[in-house]
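K.L.:
What would the 3D arrangement of this be:
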Amino acid sequence: MTAPRDDVPAAAPAMDGNTDAVFDRERPHLLAVAFRVLGSDADAQDVVQEAWIRYRRADLEHVGNVAAWLTTVVTRLCLDLLRRSRESPREPAGMPESADDVEGPEEVALLAGDLAEAMAIVLDELTPPQRVALVLHDVFGVPFDEVAHLLGTTSGSAKKLASRARARVRRSASAVDTDPDSARRVVSAFLKAAQQGDIDGLVQVLHPGVTRTADPQALPPGAALRVAGVQTVVAETRALQANARRARVATVDGQPGIVVASDRGPSVALVFRVIGERIAHYDVIADPRRLALLHFAD
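P.N.:
You can find the predicted model right below:
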């Protein structure tokens, strides 16, 4: 799929098949990372397949953290693909020269709702390094020193890349802000309709161009990580009616959302982008690293 790079771990003699379980365990997370960076289900699948090939050929005897190694491979393959497939976008007019001018402390991550906005709306407007810095740090909680290593830059530069990406996301999100009380009513109506299998109720609260993204851990094997359109979303929601019955409306990072909890805490969270009285996008979060970054309240 992609030509080798000097900074991607090189191929070596194949490993024995007993190590396959390590990759199988990490595969959902790797797919989640690739999908969030690339915004394409098919491209994410290709990247993870290439990572599997490199994993099978690599000599990992002296690698202390195989999971981190795999994330490095996947992220750099994503960067390669982004850089080959598109030109880096220009900075929009009026964009400040310094990230410090657009935001307070650079370590402050986007909230879950703003991240859903990024995945749905402005990801294509970011440069490849901005996308990687934003997704790895704000979506998956990767420390900036590790992000910097992946990008071949300094920790300070990685912070600035993420800061500029956040500023762009927040400008887009602020243009379509919905009153939280109104948004909660819409989310509540969505959950009620989902629990009852009410097709008409679902149609009423979904924007005609609604999209749904999801972590692989939230979906049946082979299900698409992104779907679009009212009919597709309604069909999927009805198929998952049993799961909806275990869900409740909650506050996720200060915004209305939906949570499915187990004895050990939240196992799935849905965050929404509501425009007017309809859901334009929602993101289903089930990757443990992402869930650990969220704040929940009733």
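K.L.:
List the buried residues of stretch 279-289.
P.N.:
I279, A280, H281, Y282, D283, V284, I285, A286, D287 (16 or more other C-beta atoms under 10 Å). Where you see a C-beta, it was placed from the backbone N, CA and C, and this is true even at glycine.
K.L.:
Alpha carbons of that stretch, as PDB, please.
P.N.:
In PDB, the C-alpha atoms belonging to stretch 279-289 read as follows (Å, rounded to 0.1, in the frame of the first residue of the first chain):
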ATOM      1  CA  ILE A 279     -28.800  15.800  15.200                       C
ATOM      2  CA  ALA A 280     -26.300  16.500  12.500                       C
ATOM      3  CA  HIS A 281     -23.600  14.200  13.700                       C
ATOM      4  CA  TYR A 282     -22.800  11.900  16.600                       C
ATOM      5  CA  ASP A 283     -19.700  10.000  17.600                       C
ATOM      6  CA  VAL A 284     -19.800   6.600  19.500                       C
ATOM      7  CA  ILE A 285     -16.900   6.400  21.900                       C
ATOM      8  CA  ALA A 286     -15.800   3.000  23.100                       C
ATOM      9  CA  ASP A 287     -12.100   2.900  23.000                       C
ATOM     10  CA  PRO A 288     -10.900   2.700  26.600                       C
ATOM     11  CA  ARG A 289      -8.300   5.400  26.100                       C
END
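K.L.:
Just give me the residue closest to the centre of the protein.
P.N.:
Central residue of the chain (C-alpha atoms, centre = their mean): R36, 3.9 Å from the mean position.
K.L.:
circling back: next, give me the two most distant ones among the buried residues of stretch 279-289.
P.N.:
The span of the buried residues of stretch 279-289, defined through C-beta to C-beta, is set by A280 and D287 at 22.5 Å.
K.L.:
After the helix or strand where W52 lies, which helix or strand is next?
P.N.:
Assigned by DSSP states H and E, W52 belongs to helix 41-57. Using DSSP H and E, the helix or strand that follows helix 41-57 in sequence is helix 66-85.
K.L.:
and the angle from that next one to helix 41-57?
P.N.:
Orientation check (axes from the mean of the first three to the mean of the last three C-alpha atoms, to 10 degrees): helix 66-85 against helix 41-57 gives 130 degrees.
K.L.:
Which parts of the stretch 101-250 of the chain are strands?
P.N.:
Using DSSP state E, counting those that start in this stretch, the strands of the stretch 101-250 of the chain run over residues 206-214, 226-228, 247-252.
K.L.:
Dump these into JSON lines; add mean neighbour count and distance to S163 as well.
P.N.:
Formatted as JSON lines, the strands of the stretch 101-250 of the chain follow (neighbours: other C-beta atoms under 10 Å; distance: least, C-beta to C-beta, whole Å):
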{"stretch": "strand 206-214", "mean neighbour count": "19", "distance to S163": "24"}
{"stretch": "strand 226-228", "mean neighbour count": "16", "distance to S163": "27"}
{"stretch": "strand 247-252", "mean neighbour count": "18", "distance to S163": "23"}
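K.L.:
Dump these into CSV; add mean pLDDT and distance to V66 as well.
P.N.:
CSV is the format used below for the strands of the stretch 101-250 of the chain (pLDDT from 0 to 100; distance: least, C-beta to C-beta, whole Å):
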stretch, mean pLDDT, distance to V66
strand 206-214, 93, 26
strand 226-228, 93, 28
strand 247-252, 94, 32
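K.L.:
would a markdown table of these with distance to A21 be doable?
P.N.:
Below are the strands of the stretch 101-250 of the chain laid out as a markdown table (distance: least, C-beta to C-beta, whole Å):
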| stretch | distance to A21 |
| --- | --- |
| strand 206-214 | 24 |
| strand 226-228 | 28 |
| strand 247-252 | 31 |
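K.L.:
how about these, which one is nearest S85?
P.N.:
Nearest of the strands of the stretch 101-250 of the chain to S85, taken as C-beta to C-beta: strand 226-228 at 17.2 Å.
K.L.:
Which elements pack onto that closest one?
P.N.:
Secondary-structure packing of strand 226-228 (3 or more C-beta pairs under 8 Å, 6 or more residues apart in numbering; DSSP states H and E): strand 206-214.
K.L.:
Give the partner strands of the strand it packs on in its sheet and their orientations.
P.N.:
Using DSSP bridges, strand 206-214 pairs in its sheet with strand 226-228 (antiparallel), strand 278-285 (parallel).
K.L.:
can I get the ones you listed in TSV with distance to A51?
P.N.:
Below are the strands paired with strand 206-214 laid out as TSV (distance: least, C-beta to C-beta, whole Å):
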stretch	distance to A51
strand 226-228	20
strand 278-285	22
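K.L.:
Between the ones you listed, which one is closest to D215.
P.N.:
With C-beta to C-beta as the criterion, D215 lies closest to strand 278-285 of these, at 6.0 Å.
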